[in-house]
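Q: Curious how this folds, go ahead:
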Amino acid sequence: MSTFIGPYLSCKGLFKLETNKIINTCSNPECFISKENLRCFEQNLFCHLCGSKLEDRSITENKQLNAQELLLGEDNFDDRLACVIGEYSNSDELFFITKKKYAEDCFFHSYEDNSVVEINNFNKEYIDNQKRLFKLIYKEEIDYLIQHLGIENVLVKWGLVNW
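A: The predicted structure is shown next:
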């Protein structure tokens, strides 16, 4: 088990993404390939199942993306935050902590199972300063997630995260 103590990002909710695509599929409305909007190889002229001519068809795909999937799709956010999900978690909430190389001196990390940390060293001013610094360092990521998931679903918190 690993442990992190410090500011972290808590994200809930899903972003609905609708994309339009052109696929090459069977033109026969009775064919399974056509009914399921399955793709056929571009080099084929006829359906391998029913023999009908292939056609280009515009389809709409609906996906639901969580915070981790949203960040993975953006090159400028690549690998700055680590998504940690509890092994036994069944929640729709995802937790993101800083990666050491981006804020090594700012936040406390413990990856040892037997580390000891004095909790009484963390007063309200210290915690508020760490949360403020976290928001500053990860402003772009936080703003991006708020834009897609809503401000009520993206919160900077401070505490102990185990995974």
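Q: dump the residue contacts of Lys157.
A: By Cβ atoms under 8 Å, 6 or more residues apart in numbering, the contact set of Lys157 is 7-10, 131. Where you see a C-beta, it was placed from the backbone N, CA and C, and this is true even at glycine.
Q: can you pull the pLDDT of it?
A: Lys157 is assigned a predicted lDDT (pLDDT) of 94.
Q: bridging residues for it?
A: Taking DSSP bridges as the rule, Lys157 bridges to Tyr8.
Q: And the strands in this structure, which stretches?
A: 3-11, 15-26, 54-65, 81-84, 94-98, 108-110, 154-162 (DSSP state E).
Q: just to revisit the earlier point, in the contacts of Lys157, find the pair that's most separated.
A: The distance between the two most remote of the contacts of Lys157 (Cβ to Cβ) is 11.8 Å, for Ser10 and Lys131.
Q: Identify the contacts common to these two.
A: 156-157.
Q: quick revisit: can you add distance to Arg80 and give the contacts of Lys157 back as a markdown table?
A: Shown next, in a markdown table, are the contacts of Lys157 (distance: Cβ to Cβ, whole Å):
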| residue | distance to Arg80 |
| --- | --- |
| Pro7 | 14 |
| Tyr8 | 13 |
| Leu9 | 11 |
| Ser10 | 17 |
| Lys131 | 17 |
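Q: Of all the strands of the chain, which one is nearest Tyr144?
A: If you check each of the strands of the chain against Tyr144 by Cβ to Cβ, strand 154-162 wins as the nearest, at 9.3 Å.
Q: Would you mind listing the buried residues in that closest one?
A: 154, 156, 158, 161 (16 or more other Cβ atoms under 10 Å).
Q: okay if I get those as CSV plus distance to Ile59?
A: Formatted as CSV, those follow (distance: Cβ to Cβ, whole Å):
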residue, distance to Ile59
Val154, 31
Val156, 39
Trp158, 45
Val161, 40
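Q: Of the contacts of Lys157 - the most surrounded one?
A: Highest neighbour count within the contacts of Lys157: Pro7, with 25 neighbours (other Cβ atoms under 10 Å).
Q: Tell me the pLDDT of the residue positioned nearest the centre of the chain.
A: Centroid-nearest residue in the chain: Gln68, 1.2 Å away (criterion: Cα atoms, centre = their mean). If you check Gln68, the pLDDT there is 84.
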